[in-house]
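Student: Predicted coordinates and the sequence they were generated for:
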Amino acid sequence: MNESPDYMNRNCLNCNCRAEMFNLLNQEELELVYRHKTTVMFRKGETIKKQGTAMTHVISVNSGLVKVYIEGIDRRNTILRIVKPTNFIGGPGIYLDQVHHFSVSALQDTRVCLIEMQVFKSLLDRNKKFSEEFMVDFSRNTLAIYQRLINQTQKEVPGRMADTILYLLENIYNSSKFELHLTKQDLADISGMSKDSCVKILREFQREGIILQDRHELEITDLEKLKRISRLG
DNA sequence: GCATTAACCACAG
DNA sequence: CTGTGGTTAATGC
């Protein structure tokens, strides 16, 4: 093995797996990123960042899939978002207290770039367009969390699960049939319900012909009905 | 009260 | 990890 993988040699300038906001940096700025980042491979299940630790880096997801989640009371987790390539993971710690307020772990083998936070901040400081795009990304994520807060507090279990399936369909997999990288516990942690309720409601959806579960594959067979359940709560 | 919902628990595959 | 059934506590007629 004399050859290092392609991504090790590539500088950030030509990289096609960087998060979109980095497109707004010029050559000099991208070289700065290149000098202050490391590219790391994580195996499925590994923890990429741990809630409560010092926030030394921000993350750009190159390949794979990760979950961003809060470790709550009594081993209960709440998944904030699923992040696919090529997206960015920052967080309130950047400007607040330099601490990770959530954990990040790999749902499948995943490659990420870890960019030194001080360098990232200096880029936000010197490049207005870049900083604006960062704000847009941050705001979008915030809005999505607001939406989910409403869904979870004002809908019952079927509506919550319908929302979760629609979220995966529209934001992550973009296909009515996909290999699910999440466990039932993960689905419960996104939907704000117990694992038991999650299993039961998915069975119920299957009985009603809304979805088809086959091992780790999930197919949505009646999208209209799913949307109706989401609407009615 | 009574019915429904969903979490909790124990346990089997 | 996934699925099932019984129990229980909260909520809404």
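Tutor: Everything's here; your move.
Student: going forward, measure contacts between C-alpha atoms and count neighbours the same way
Tutor: Fine.
Student: Point to the residue nearest the middle of chain A.
Tutor: Nearest to the geometric centre of chain A sits residue A:83, at 2.0 Å (C-alpha atoms, centre = their mean).
Student: Pretty sure that one sits against residue A:65.
Tutor: Yes. At 6.0 Å, residue A:83 counts as touching residue A:65 under the criterion of C-alpha atoms under 8 Å.
Student: quick one on the thing from earlier: quick one: residues contacting the residue nearest to the centre of chain A.
Tutor: A:61, A:65, A:66, A:67, A:68, A:172 (C-alpha atoms under 8 Å, 6 or more residues apart in numbering).
Student: Turn these into TSV, including neighbour count.
Tutor: Output for the contacts of residue A:83, formatted as TSV (neighbours: other C-alpha atoms under 10 Å):
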residue	neighbour count
A:61	23
A:65	22
A:66	29
A:67	23
A:68	21
A:172	15
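Student: So which of the residues you listed is the closest to residue A:11?
Tutor: Distance to residue A:11 across the contacts of residue A:83 (C-alpha to C-alpha) is lowest for residue A:61, with 15.7 Å.
Student: Skip the chain neighbours and tell me the closest residue to the closest one.
Tutor: Counting by C-alpha to C-alpha, 6 or more residues apart in numbering, residue A:61 lies nearest to residue A:112, which is 4.5 Å off, once chain neighbours are set aside.
Student: Quick check: the one you found vs DNA strand C, distance?
Tutor: 23 Å (C-alpha to the nearest atom of the strand, to the nearest Å).
Student: any idea of the pLDDT on that residue?
Tutor: We have a pLDDT of 96 for residue A:112.
Student: List the backbone torsions phi and psi for it.
Tutor: phi -130, psi 160 (degrees, to the nearest 10).
Student: ok, it touching residue A:39?
Tutor: Yes. In this structure residue A:112 lies within contact range of residue A:39 using C-alpha under 8 Å: 5.7 Å.
Student: in chain A, which segments are predicted with low confidence?
Tutor: The model of chain A has pLDDT under 70 over residues A:1-10.
Student: For DNA strand C, tell me whether the lengthiest helix in chain A is touching it.
Tutor: Of all segments of type helix in chain A, defined using DSSP state H, the longest is helix A:128-154. No. Contact of helix A:128-154 with DNA strand C (C-alpha under 7 Å from any atom of the strand) is absent, the minimum separation being 10.5 Å.
Student: Now do that helix: which elements does it pack against?
Tutor: The contact analysis (3 or more C-alpha pairs under 8 Å, 6 or more residues apart in numbering; DSSP states H and E) places helix A:128-154 against helix A:117-126, helix A:157-167.
Student: which residues sit against the last one?
Tutor: Residues outside helix A:157-167 that contact it (C-alpha under 8 Å, 6+ apart) are A:151-152, A:187, A:190-193, A:197-198, A:201-202, A:226-227, A:229-233.
Student: Just the buried ones from the residues you listed?
Tutor: A:151-152, A:187, A:190-193, A:197-198, A:201-202, A:226-227, A:229-230, A:233 (16 or more other C-alpha atoms under 10 Å).
Student: any idea how far the residue nearest to residue A:61 lies from DNA strand B?
Tutor: Distance from residue A:112 to DNA strand B, by C-alpha to the nearest atom of the strand: 32 Å.
Student: which residues sit in contact with that residue?
Tutor: A:39, A:40, A:41, A:42, A:59, A:60, A:61, A:62, A:63.
Student: got the buried residues for stretch A:82-98?
Tutor: Those would be A:82-91, A:93-94, A:98, for stretch A:82-98 by 16+ other C-alpha under 10 Å.
Student: oh sorry, the question was meant for stretch A:113-125
Tutor: For stretch A:113-125, by 16+ other C-alpha under 10 Å, it's A:113, A:114, A:115, A:116, A:117, A:119, A:120, A:123, A:124.
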